[in-house]
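**Q** How does the following fold in three dimensions:
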Amino acid sequence: MKGSPEVYGTVTVGQRGQVVIPMKARKMLKIKEGDQLIVMSGPPGRKDAISFIPVTSIADFLKNFEDHVEALKKELTKQGRK
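**A** Residues are numbered from 1 along each chain as shown. Just a heads-up that it's a prediction; the model follows:
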């Protein structure tokens, strides 16, 4: 079903709390050895689920967000001068 989460399989939590991300998921999400992932609860409102988000995705999102904030600040400053 379109828009539904992809199921990649199951994993077992090891003694040190480690899991192996299934190969299909790593390929699909372009996760490589050495990549850093942020581990969060989620999606929003779900405390019984875990999301892994590549650090680069968060960095790109924050950069884009900062650019929008700066543009808004400039617009508000211009409007305040009128």
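
**Q** Would you mind listing the buried residues in stretch 51-58?
**A** Neighbour counts over stretch 51-58 (16 or more other C-beta atoms under 10 Å) mark residue 54 as buried. (Glycine included, C-beta is placed from N, CA and C.)

**Q** For it, C-alpha coordinates in CSV please.
**A** Output of stretch 51-58 as CSV, limited to C-alpha atoms (Å, rounded to 0.1, in the frame of the first residue of the first chain):
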residue,chain,number,x,y,z
SER,A,51,13.4,5.7,14.3
PHE,A,52,16.9,5.7,12.9
ILE,A,53,17.7,8.9,11.0
PRO,A,54,21.0,9.5,9.2
VAL,A,55,22.9,12.4,10.8
THR,A,56,23.3,13.9,7.3
SER,A,57,19.6,14.1,6.8
ILE,A,58,19.1,16.0,10.1
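
**Q** can you pull out the helices in this structure?
**A** 23-29, 55-81 (DSSP state H).

**Q** Tell me which of those is the most buried.
**A** Stretch with highest mean neighbour count among the helices of the chain: helix 23-29 (a mean of 13; mean count of other C-beta atoms under 10 Å).

**Q** picking that back up, would you mind putting the helices of the chain into a markdown table with distance to residue 36 and mean pLDDT alongside?
**A** As requested, these are exported to a markdown table (distance: least, C-beta to C-beta, whole Å; pLDDT from 0 to 100):
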| stretch | distance to residue 36 | mean pLDDT |
| --- | --- | --- |
| helix 23-29 | 13 | 92 |
| helix 55-81 | 4 | 87 |
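
**Q** wait, which of these is closest to residue 8?
**A** Closest to residue 8 of those is helix 23-29 (C-beta to C-beta; 3.9 Å).
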